[in-house]
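Trainee: How does the following fold in three dimensions:
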Amino acid sequence: MSAFIDVPASGFESSVTFWSAVSGCSPSTRRGADEEFLTLVPATGDAHLRMQRVGDGAPRIHLDLHVPDPRAAADRAVALGAVEVAAEGHVVMRSPGGLTFCFVAHPAAEVAPPMRWPDGSRSILDQVCIDIPQASFEGEAAFWQSLLDWPHVGSSYAEFERLDRPEGQALRVLLQRVRDDGPVRAHLDLACSSREREMLRHVGLGARVVADHDVWTVMADPAGMAYCLTDRSPD
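Mentor: Coordinates of the predicted model:
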């Protein structure tokens, strides 16, 4: 699984600079008909974070699922309740609740290690949280569990459930019940050895603090996209 950060043109360049610094990755050569795509490449391991310049809307996250046969995977996803949007070598899909994801064929198997920063702290972008309105939570959660075929496990917080990440996967999946009735969406989470140091680092790079909780801090990047810093171990 890879995460794609989709950003409108007005905020794209500042977002590339920010997420490159936050992740410790280098932006690749741009590609696509309008050079709208790039990959954030780690020093070691495969890339699991990419960016796309989009024409409109708010910045958002979509997922790429790396599979041997995108066509067969898409047909299976439709049988589970997804909607096929487009097929252009890769297959663009929407989950039953409206979250965009794609099936792609290129490999992404080697997990990059956490970054160690000059102050001695460590962090890694290692989780996608799928934000699901309460009314559609059960169906959407069942869809992702079936699609990924990852075991479902509980959480110590009532609003969260998680899927058990198999060995060798770069990204975790957390499912969150949210109180609005909009479409399903997603945000990124970073695991930090020191949430306070990481928060200060991100603020210095142009982020702002939105809300502070007992084991996580909600942030907004320079384009206004929400993400979280967590106390989970980067290791």
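Trainee: Need phi/psi at the residue nearest to residue 163 when sequence neighbours are not counted.
Mentor: Nearest non-adjacent residue to residue 163, counting by Cβ to Cβ, 6 or more residues apart in numbering: residue 150, 4.0 Å away. Just so you know, the C-beta spots here come from the backbone N, C-alpha and C atoms, and that holds for glycine as well. Residue 150 adopts backbone torsions of phi -100, psi 140, taken as degrees, to the nearest 10.
Trainee: Now for residue 150, how many residues are close by?
Mentor: By the criterion of other Cβ atoms under 10 Å, residue 150 has 17 neighbours.
Trainee: Would you confirm that it contacts residue 162?
Mentor: No - using Cβ atoms under 8 Å, residue 150 makes no contact with residue 162, being 9.1 Å away.
Trainee: any shared contact partners between the two?
Mentor: residue 173 (Cβ atoms under 8 Å, 6 or more residues apart in numbering).
Trainee: after the least confident helix or strand in the chain by mean pLDDT, next one along is what?
Mentor: In the chain, the helix or strand scored least confidently by mean pLDDT, DSSP states H and E is strand 152-153, which has a mean of 87. Downstream of strand 152-153, the first helix or strand assigned by DSSP states H and E is strand 160-163.
Trainee: Please compute how far the biggest strand by length in the chain lies from its chain's middle.
Mentor: Looking across the chain with DSSP state E, the single longest strand is strand 122-133. Put simply, strand 122-133 sits 6 Å off its chain's centre (Cα atoms, centre = their mean, to the nearest Å).
Trainee: helix or strand right after it?
Mentor: Using DSSP H and E, the helix or strand that follows strand 122-133 towards the C-terminus is helix 137-148.
Trainee: In the chain, mark out all the helices, start to finish.
Mentor: Using DSSP state H, the helices of the chain run over 9-23, 70-79, 137-148, 195-204.
Trainee: Could you report the neighbour count for residue 128?
Mentor: Residues near residue 128, counting by other Cβ under 10 Å, number 22.
Trainee: do the same with residue 56
Mentor: 6.
Trainee: now it: how far from residue 220?
Mentor: Per Cβ to Cβ, to the nearest Å, residue 56 is found 19 Å from residue 220.
Trainee: swap in residue 62?
Mentor: 19 Å.
Trainee: I'd say residue 25 and residue 42 touch.
Mentor: Yes - in this structure, residue 25 is within contact of residue 42 by Cβ under 8 Å, at 5.1 Å.
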